[in-house]
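[1] Structural data only, the sequence is not supplied:
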């Protein structure tokens, strides 16, 4: 009888440990899911940022701000200077 | 005493029987309903949305990307603060434009949308407020790194009648099934906090991401086309305009610009008339640019020869009650066929169509693909059907020879002239080069729709078009050293059964380098105010864009 109680007690403790482990695993899984989601979102944001910075719209705007002239304008000006000379 | 004990025993027995009966009812009779209720309580089925496909240009640059945004919603029955208090607290984060819906006071509601397009940063700030009764739904939004560049070509993503994302117009509409992918789902058991319980029953169907489109579109050429078209419309005070560039050797669409346009990211703020792409869905009377097709038909059919002279070109031509004149009322007796194209001679063109006759003329219109859709892979293409042959009269044949009384779309015109540029093959215009998805890659080959003219005819007409550029009205604008084949056009716009003399559609169509064309381009300007003529508006715009393309593609001058 004592042996039976002992075995049942061990099984009960084992069950408790297992349940606690499963709960911890569930929490870890939820954390990992959240992390995947966050990393995917960050990755998406970086892709958007790269594409925005590489867009011709941005490059053209930055070139104008930096004082660059379109090649066509430069050539036309030089060409008309040459004709005047 | 014994009797009382008996009664107590009976009471206990009745109690046990009642419990047993109820247990029997729950576990045997009502098992299915209660089982389903229990599953609902501890398990959940979540939809996993599929990411919509990305659209790349020829240089693998994403013209459209996806970004994650959130919809803020409230459960009014769970709100512990007043709507006014909620409003004040959310305004600090979302901004002063935030106005909560009046339905917020209705405590019977379970779900009420408060704001859309919330960023993850804003979401985090709102979550910090820890207001009970607020929640977030994840949403996907299209992002356009080049803003409204190629808006007409791309189309936009809206929602269908069931509230699901759906592509409309352009590529988004045409390739909606490819781009949208397949929504997945996940079924799992969860604990009280909504976290999944491992090693329990779990089933899932993974989402299938939408396929990515890789276009023939050259981003630099598209940028140049849009920039110059915008400037051209302002400079010539035109109402609208289009620029379309195509590779005549394959039918690949390299650029397609149209103004006025709209922003696909906020399409709902624009008039819906702007959604239609005029390059594929607006029909116009092409005017003189049509002459090259008629001349090609005349030469290919053997009705006229290139060196032949026109015996009726000395003055205006009378057909019944109508008098056919040239655009400037100047006449050139004994003009050659080349002269007719160079001078854009309407009378000369009536000679060519007259020699062909209606049957041959009509047959060539069909061969050039007129009267039917080109089959371009964009949603919204229209094609003006050709008038039935029995309804054509002599005057119709005469006016159609110089592009009046016949309607085409810009893309039809471009595809037809491409056949002259490439030696006689009519290609289907194509925007998408390849489609790549999970485990599947489809390369789209050029589609030949026919051979309307022979290579010899194409060569002769190309020479005529080179002369038209070198000696025609637009020669002043042509970039020096380059061999360009082209033709100007100025068409009157038909309004309520007559032509408005004040309103014209100026155009220029051509290809370069003429000996081995790398591109064919059509420029149209509707109702330019500075000059009604194509030679003074559309042609210089065409040449300016061509100069940029020569520089971009490093095409050297030949002479």
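    Yes, it's here. Just so it is clear, the model here is predicted, and its values are computed rather than measured.
[2] surely residue B:72 meets residue B:138?
    No: between residue B:72 and residue B:138 there is no contact under CB atoms under 8 Å: 11.6 Å. No exception for glycine: its C-beta is placed from N, CA and C like everyone else's.
[3] Same drill for those two, tell me which one is more crowded.
    Each of residue B:72 and residue B:138 has its neighbours counted (other CB atoms under 10 Å in any protein chain shown); residue B:72 has more, 23 against 13.
[4] can I assume the more buried one sits in a helix?
    No: under DSSP: H, G, I helix; E, B strand; the rest coil, residue B:72 sits outside any helix and is assigned strand.
[5] Identify the bridge partners of it.
    Bridge pairing for residue B:72 (DSSP bridges) gives the partners residue B:115, residue B:136.
[6] Check the spacing between it and chain A real quick.
    Here residue B:72 is placed at a distance of 17 Å from chain A (CB to the nearest CB, to the nearest Å).
[7] and that residue, what does it touch?
    Residues near residue B:72 by CB atoms under 8 Å, 6 or more residues apart in numbering or on different chains: B:90, B:94, B:113, B:114, B:115, B:116, B:118, B:123, B:126, B:134, B:135, B:136.
[8] Of those - the most surrounded one?
    When neighbours are counted by other CB under 10 Å, residue B:90 leads the contacts of residue B:72 with 23 neighbours.
[9] Touching, that one and residue B:100? I think so.
    Yes: counting by CB under 8 Å, residue B:90 touches residue B:100, with 7.2 Å between them.
[10] Find residues that contact each of those two.
    With contacts taken as CB under 8 Å, 6+ apart, residue B:90 and residue B:100 have residue B:114 as neighbours in common.
[11] Which member of the contacts of residue B:72 is positioned nearest chain A?
    residue B:123 (10.6 Å; CB to the nearest CB).
[12] Alongside chain B, which residues does chain A contribute?
    A:22-23, A:25-27, A:29-30, A:33, A:41, A:44-45, A:47-48, A:51-52, A:54-57, A:60, A:71-72 (CB under 8 Å from any CB of the partner chain).
[13] let's go with 10 Å and repeat that
    A:18, A:21-31, A:33, A:37-38, A:40-42, A:44-45, A:47-60, A:70-72, A:75-76 (CB under 10 Å from any CB of the partner chain).
[14] List the buried residues for the helix or strand of chain B with the lowest mean pLDDT?
    Lowest on mean pLDDT, DSSP states H and E among the helices and strands of chain B sits strand B:43-48, with a mean of 73. Within strand B:43-48, the residues scored as buried using 16 or more other CB atoms under 10 Å in any protein chain shown are residue B:43.
[15] Tell me how many other residues crowd residue B:301.
    What residue B:301 shows, counting by other CB under 10 Å, is a neighbour count of 18.
[16] In contact with the residue nearest to it when sequence neighbours are not counted: list those residues for me.
    Setting aside the residues directly before and after it, residue B:301 is nearest to residue B:360 in space (CB to CB, 6 or more residues apart in numbering or on different chains), at 4.9 Å. Taking CB atoms under 10 Å, 6 or more residues apart in numbering or on different chains, we find residue B:360 in contact with B:297, B:298, B:300, B:301, B:302, B:303, B:353.
[17] Could you check which helix or strand contains the third one?
    The secondary structure element spanning residue B:300 is helix B:291-301 (assigned by DSSP states H and E).
[18] contacts for the next helix or strand after that helix?
    Going down the chain from helix B:291-301, the next helix or strand is strand B:317-319, by DSSP H and E. Residues from elsewhere that reach strand B:317-319 (CB under 10 Å, 6+ apart): B:323-326, B:331, B:346-348, B:350-351, B:354, B:393-399.
[19] Could you name the specific helix or strand carrying residue B:188?
    Assigned by DSSP H and E, residue B:188 falls in strand B:184-189.
[20] shared neighbours, residue B:72 and residue B:138?
    In contact with both residue B:72 and residue B:138: residue B:123, using CB under 10 Å, 6+ apart.
[21] doesn't residue B:215 make contact with residue B:171?
    Yes: using CB atoms under 10 Å, residue B:171 makes contact with residue B:215 at a distance of 7.8 Å.
[22] Domains in the chain, by residue range?
    As the question left the chain open, I've gone with chain A. By the record's domain assignment, chain A is partitioned as A:1-54, A:55-85 (automatic domain parsing).
[23] I was thinking of chain B, sorry if that wasn't clear
    Split by automatic domain parsing, chain B gives B:68-145, B:219-263+B:276-552.
[24] Quick check: which of these is nearest to residue B:207?
    domain B:219-263+B:276-552 (10.2 Å; CB to CB).
[25] quick revisit: how far away is the residue nearest to residue B:301 from chain A?
    45 Å.
[26] go on, residue B:280?
    24 Å.
[27] That residue: how many residues sit nearby?
    28.
[28] nearest spatial neighbour of it, skipping sequence neighbours?
    residue B:381 (4.4 Å).
[29] on that earlier part again, SS state for the residue nearest to residue B:301?
    With three-state DSSP as the basis, the three-state label of residue B:360 is helix.
[30] Need the pLDDT of it.
    Per-residue confidence at residue B:360 stands at 96 (pLDDT).
[31] mean confidence for the helix ranked longest in chain A?
    In chain A, assigned by DSSP state H, the helix with the most residues is helix A:2-54. Averaged across helix A:2-54, pLDDT comes to 88.
[32] Okay, angle between it and strand B:184-189 too, please.
    150 degrees (axes from the mean of the first three to the mean of the last three CA atoms, to 10 degrees).
[33] Moving along the chain from helix A:2-54, name the first helix or strand you hit.
    If you walk from helix A:2-54 toward the C-terminus, the next helix or strand you reach (DSSP H and E) is helix A:56-65.
[34] mind listing what's buried in that following helix?
    In helix A:56-65, counting by 16+ other CB under 10 Å, buried: residue A:56.
[35] Also stretch B:545-559?
    B:545, B:546, B:547, B:548, B:549, B:550.
[36] Look up the closest residue to the third one, ignoring the ones flanking it.
    Residue nearest to residue B:547 in three dimensions, not counting chain neighbours: residue B:479, with 4.9 Å by CB to CB, 6+ apart.
[37] How far does stretch B:457-469 sit from its chain's centre?
    Distance of stretch B:457-469 from the chain centroid (CA atoms, centre = their mean, to the nearest Å) equals 32 Å.
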